[in-house]
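Peer 1: Dropping the sequence and predicted coords here.
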Amino acid sequence: MKTLKIAIQKSGRLNEKSVEILKNCGLSFENYKSSLISTVQNFPLEILFLRDDDIPEYVQDGIADLGIVGENVITETKAGVEYLQRLGFGKCTLKIAIQTGSNIEKLEDLNGKAIATSYPVILEKFLTEKGIKSDIRTISGSVEIGPGLGLSDAIFDIVSTGGTLKSNGLKPFADVMSSEAVLIGNKSILDNPEVAELLQRIRSVLSAKSNKYVVLNVSKDNLQKVVDLLPGVKSPTIVPLFEENWVAVHSVIAEEDFWDKINSLKAAGAEGILVMPIEKIIT
Ligand SMILES: Nc1ncnc2c1ncn2[C@@H]1O[C@H](COP(=O)(O)OP(=O)(O)OP(=O)(O)O)[C@@H](O)[C@H]1O
Ligand SMILES: O=P(O)(O)OC[C@H]1O[C@H](OP(=O)(O)OP(=O)(O)O)[C@H](O)[C@@H]1O
Ligand SMILES: [Mg+2]
């Protein structure tokens, strides 16, 4: 049985979180900056360290079975791969941006205008859908200096904080697509048991990250009100306290509405609320 291969970014914005999620799955491997391939000691897997632009095609062509790469790169390369799991990091938006003093006001104003970008495929698809014909200028990087140098009237690029736009006298004009890091797979490995195992581990790490373990004290008179607020993984654990008529409640709460939940629990009579991170949740 050939050893599974996963391709991740060698260096750049996705490398750290890609390595972290694999380590959190219990995989032990070296991540030397100089190495292009690393063998996992305790799981039948090899890790290929690549430029992110190459990952979708490595997976599409079966050179790598799996990959971790931004959705923007998958769309730009039009690679035929399976999206196995969105990973929640590397979040960004691909936007059209114009100069702060530009007279471009509506999408139609982009007709005949020059737009500089590293993502011509995504831009072309968007403009065609909108019935707009622009002059797309493809450049590999530092796209934001284009308008200032008179190279283009607008740009199409990744935006996260908006800092790069601002520092180049640009402002967002139209959102085209949102992107985050995705675990992708070659269509031929979807029923591979090791892939299923790795996917379960990744999902258990992601689920743990989006939840917190909570322990609190409450009198029995208020217990039902508190339990009604705690869906938990199955149902809350109730442990009697030494003090009469008081119990400790153990449960799991979602990160996303954490503070609202904490305030509701306090209002329902919960006291001494302890909150702890969870390493994995295996359902
Ligand atoms: N500013 C950002 N904020 C959040 N995510 C980003 C940002 N810039 C890029 N990304 C995401 O991270 C991915 C990798 O970005 P990075 O800048 O490391 O790519 P790169 O310069 O093309 O690296 P490589 O040398 O691997 O080609 C992008 O494709 C995108 O999905
Ligand atoms: O909205 P912001 O938070 O400013 O991020 C957007 C910038 O981030 C990326 O560049 P990066 O910094 O990764 O450098 P690169 O162009 O070399 O990839 C992207 O190409 C934008 O230029
Ligand atoms: Mg790249």
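Peer 2: Looks like it arrived, so ask away. Ligands and ions are numbered 1, 2, ... in the order given.

Peer 1: Enumerate the positions of stretch 164-181 that are buried.
Peer 2: 164-165, 168, 170, 173-174, 176, 179, 181 (16 or more other CB atoms under 10 Å). No exception for glycine: its C-beta is placed from N, CA and C like everyone else's.

Peer 1: Can you get me a residue count around residue 236?
Peer 2: Per other CB atoms under 10 Å, the neighbour tally for residue 236 reads 20.

Peer 1: One more: residue 242?
Peer 2: With other CB under 10 Å as criterion, residue 242 counts 5.

Peer 1: Same check on the one 10 residues further on?
Peer 2: Counted with other CB under 10 Å, the neighbours of residue 252 add up to 18.

Peer 1: Figure out the helix or strand that it lives in.
Peer 2: strand 246-254 (DSSP states H and E).

Peer 1: Need the residues that contact that strand.
Peer 2: 210-220, 223, 226-227, 230-233, 236-241, 261-262, 270, 278, 281 (CB atoms under 8 Å, 6 or more residues apart in numbering).

Peer 1: which is the next helix or strand following that strand?
Peer 2: That would be, after strand 246-254 and using DSSP H and E, helix 258-267.

Peer 1: List the buried residues for the strand or helix carrying residue 8?
Peer 2: Per DSSP H and E, residue 8 falls inside strand 4-9. For strand 4-9, the neighbour count (16+ other CB under 10 Å) marks 4-9 as buried.

Peer 1: what's the most distant pair in the residues you listed?
Peer 2: 4 and 9 (18.1 Å; CB to CB).

Peer 1: Please state the backbone phi and psi of the residue most central in space within the chain?
Peer 2: The C-alpha lying nearest the average C-alpha coordinate of the chain belongs to residue 88 (CA atoms, centre = their mean; 2.5 Å). When read as degrees, to the nearest 10, the backbone of residue 88 gives phi 80, psi 10.

Peer 1: for it, what are its contacts?
Peer 2: 180-181, 206, 209-210.

Peer 1: One more: residue 177?
Peer 2: So residue 177 contacts 71-72, 75, 93-94, 122, 126 (CB under 8 Å, 6+ apart).

Peer 1: Point out the ones among those residues that are inside strands.
Peer 2: 93-94 (DSSP state E).

Peer 1: Show the buried residues in the contacts of residue 177.
Peer 2: Buried among the contacts of residue 177 by 16+ other CB under 10 Å: 71-72, 75, 94, 122, 126.

Peer 1: Just send these back as a markdown table, with pLDDT and distance to ligand 2 too.
Peer 2: Below are those laid out as a markdown table (pLDDT from 0 to 100; distance: CB to the nearest ligand atom, whole Å):
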| residue | pLDDT | distance to ligand 2 |
| --- | --- | --- |
| 71 | 98 | 15 |
| 72 | 98 | 10 |
| 75 | 98 | 15 |
| 94 | 98 | 10 |
| 122 | 98 | 14 |
| 126 | 98 | 18 |
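
Peer 1: could you check the angle strand 4-9 makes with the helix or strand harbouring residue 182?
Peer 2: Element membership for residue 182 (DSSP H and E) is strand 181-185. Counting by axes from the mean of the first three to the mean of the last three CA atoms, to 10 degrees, strand 181-185 lies at 150 degrees to strand 4-9.

Peer 1: After strand 181-185, heading C-terminal, what element do we hit next?
Peer 2: Immediately after strand 181-185, counting by DSSP H and E, sits helix 193-209.

Peer 1: Now do that following helix against strand 4-9, angle only.
Peer 2: 40 degrees.

Peer 1: just the angle between helix 193-209 and strand 246-254, please?
Peer 2: Put simply, helix 193-209 runs at 120 degrees to strand 246-254, going by the same axes, to 10 degrees.

Peer 1: Poorly predicted segments of this protein, please.
Peer 2: Counting by pLDDT under 70, the chain has low-confidence residues at 1, 232-233.

Peer 1: interface residues of it facing ligand 1?
Peer 2: Taking CB under 6 Å from any ligand atom as the test, the list of the chain residues beside ligand 1 reads 9, 12-14, 51-53, 70, 72-73, 90, 92, 158, 160, 179.

Peer 1: ok, now how distant is residue 265 from residue 254?
Peer 2: 13 Å (CB to CB, to the nearest Å).

Peer 1: Settle it for me: which of those two has more neighbours?
Peer 2: Set residue 265 next to residue 254 and count neighbours by other CB under 10 Å: residue 265 wins out with 23 against 12.
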